[in-house]
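K.L.:
Predicted structure and sequence below. I'll ask about it afterward.
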Amino acid sequence: MIFSRKSDYGLRALMYLSDRRAKGPVTLTEIAERLMIPKAFLSKILQQLAKKGVVRSLKGPSGGFVLAVEPAEITLQEILTEIDGPTRVFECFATESDCTLYGDCLMREVFGEVEDQIGKVLAGYTLADFHLTPRASESPAKA
C-alpha cells in the first residue's frame, strides 16, 4: 500500500503550519518554497483541507494559511482520510458492490485486519507529535 503524493505534501504542509502557529499566517509561496512542493498542487491540497475545516485561509496583505485545529487534536488517520479518503489495502474491500467476490473472498478478512492495524497506528499519532527539523542552512550560526 502506498500513500499518495497528495497525502505526503498535505502532511508536510500541516506539520509546517503546526511548527509556525505562533508566528501567524504562512503564505502559500513560503510553504511551497520551503517544502519544495509545486505551488499549484499545494494550493489545491490546502483548499481541500480548508473546506474540511483543518486549515483556514486568511485574505489580505498579512494573509496566508493557519491551522484551524489544535495539533494535538487531529490524528494522522484523520488527516490522511481528509486528503485521500479511507485507507484501503485493495480498492475492492470498500463495499460489497465494489467486488463480485466480496462474500467469498479468501483475502478480505486478513487484509481487513491489515487495514484496521494501519488505522490504529495512524490514529495513535497526532500532528503535535511531529516537528520539522530546520535545515543546516537555516540553523543559527554558532559564535
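P.N.:
Looks like it came in fine.
K.L.:
which residues in this structure form helices?
P.N.:
Under the criterion DSSP state H, the chain carries helices at the ranges 5-19, 28-35, 39-51, 76-84, 108-123.
K.L.:
Which one, of these, ends up nearest to residue 131?
P.N.:
helix 5-19 (5.8 Å; CB to CB). No exception for glycine: its C-beta is placed from N, CA and C like everyone else's.
K.L.:
same for the closest one, what does it pack against?
P.N.:
Identification of packing neighbours for helix 5-19 by 3 or more CB pairs under 8 Å, 6 or more residues apart in numbering; DSSP states H and E yields helix 28-35, helix 39-51, strand 64-67, helix 76-84.
K.L.:
what residues does it touch?
P.N.:
26, 31, 34-35, 37, 41-42, 45-46, 49, 54-55, 65-67, 71, 76, 79-80, 83-84, 127-128, 130-132 (CB atoms under 8 Å, 6 or more residues apart in numbering).
K.L.:
Separate out the buried members of those.
P.N.:
Buried members of the contacts of helix 5-19, counted by 16 or more other CB atoms under 10 Å: 26, 31, 34, 37, 42, 45-46, 49, 54-55, 65-67, 71, 76, 79-80, 83, 127.
K.L.:
mind checking how far the closest residue to residue 4 other than its chain neighbours is from residue 32?
P.N.:
Once flanking residues are discounted, residue 4 sits nearest to residue 84: 5.3 Å by CB to CB, 6 or more residues apart in numbering. Shown here: residue 84 relative to residue 32, a distance of 20 Å by CB to CB, to the nearest Å.
K.L.:
Would you enumerate the residues in contact with residue 37?
P.N.:
Contacts of residue 37 (CB under 8 Å, 6+ apart): 9, 12-13, 31.
K.L.:
want to throw these into a markdown table with distance to residue 107 and pLDDT?
P.N.:
A markdown table is the format used below for the contacts of residue 37 (distance: CB to CB, whole Å; pLDDT from 0 to 100):
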| residue | distance to residue 107 | pLDDT |
| --- | --- | --- |
| 9 | 31 | 97 |
| 12 | 33 | 95 |
| 13 | 35 | 97 |
| 31 | 40 | 97 |
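K.L.:
which of those residues lies closest to residue 60?
P.N.:
Lowest distance from residue 60 to these (CB to CB) belongs to residue 31, with 17.4 Å.
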